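> structure for this input, please:
(one chain, ligands or ions: 2)
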Amino acid sequence: FGRPWIFIRGVPSMDFLPPEGPLEVAFAGRSNVGKSSLINALVGQRGLARTSNTPGRTQELNYFVPDGYSGAAGDLPPMALVDMPGYGYAQAPKEHVDAWTRLVFDYLRGRATLKRVYVLIDSRHGIKKNDDEVLDLLDKAAVSYQIVLTKTDKIKEAGVPRLIAETLEKIKKRPAAYPFIIATSSEKGNGLDDLRAAILETISQ
Ligand code: GTP
Ligand code: MG
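Ligands and ions are numbered 1, 2, ... in the order given. Here you go, the predicted structure:
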């Protein structure tokens, strides 16, 4: 993305959201699917979003923006990347899990400047029941989303096209789903150029 990105705000609940301004794209998915790692890989800054082996690392909506946007021709459009707490992690204290889940669902349903949600799916696990619940919510709220497969370095390379086809088949009747799937590995760099291009296209539409 051609310039340094900076963290501007961690949002623990809907009351603390920044005023609606530039368009946002958000990264949603089950705990540990690789949301924060993917943001770091996209911007090429290892330590920007905090990652962890332990699920439940990201506990707020974390806003990242390009530093020093100039507005010059050829510069990035103003935008924010939003790293989200994961869903589906039952090991943390129940009141935390409930608060994150409420925040994730309220934000996805109710943010006017949210242009697209990237719903991350672990290549080894495919779409799970709680992913389907999130997709149902996005379809109902008519919030545009695209599926991104993560950690493709963890499965056989030959299995990737089949996984893409199977996943497409599962979402093809979903009204708000973008009918194209991006397969990524933050570790190896696969799919990152495609995802950057998809984000820029979405933001500039
Ligand atoms: P929460 O914030 O807890 O919901 O997790 P998250 O979705 O932000 O996941 P995070 O980026 O913290 O990554 C979870 C674990 O998966 C870390 O140990 C990462 O190193 C690992 N991981 C993330 N992306 C990849 C990938 O592309 N390949 C491999 N092999 N591991 C990855
Ligand atoms: Mg995270």
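
> in the sheet, who's paired with Asp122?
Taking DSSP bridges, one obtains Thr150 as the residues bridged to Asp122.

> so which bits of the biggest helix by length in the chain are buried?
Scanning the chain for the helix with the most residues, using DSSP state H, yields helix 94-110. Using 16 or more other C-beta atoms under 10 Å as the burial criterion, the residues of helix 94-110 that qualify are 97, 99-101, 103-104, 107-108. For glycine as for every other residue, the C-beta is placed from the backbone atoms N, C-alpha and C.

> what's the closest of the residues you listed to ligand 2?
Within these, the smallest distance to ligand 2 is 11.0 Å, found for Trp100 (C-beta to the ion).

> from Leu200, how far out is the closest residue to the closest one other than its chain neighbours?
Taking C-beta to C-beta, 6 or more residues apart in numbering, and ignoring the residues beside it in sequence, Trp100 has Pro85 as its nearest neighbour in space, at 4.0 Å. Between Pro85 and Leu200 the distance is 26 Å, computed by C-beta to C-beta, to the nearest Å.

> now swap in Leu103 and tell me
On the measure of C-beta to C-beta, Leu103 and Leu200 end up 27 Å apart.

> what do you get for Ser13?
The gap separating Ser13 from Leu200 is 30 Å, by C-beta to C-beta.
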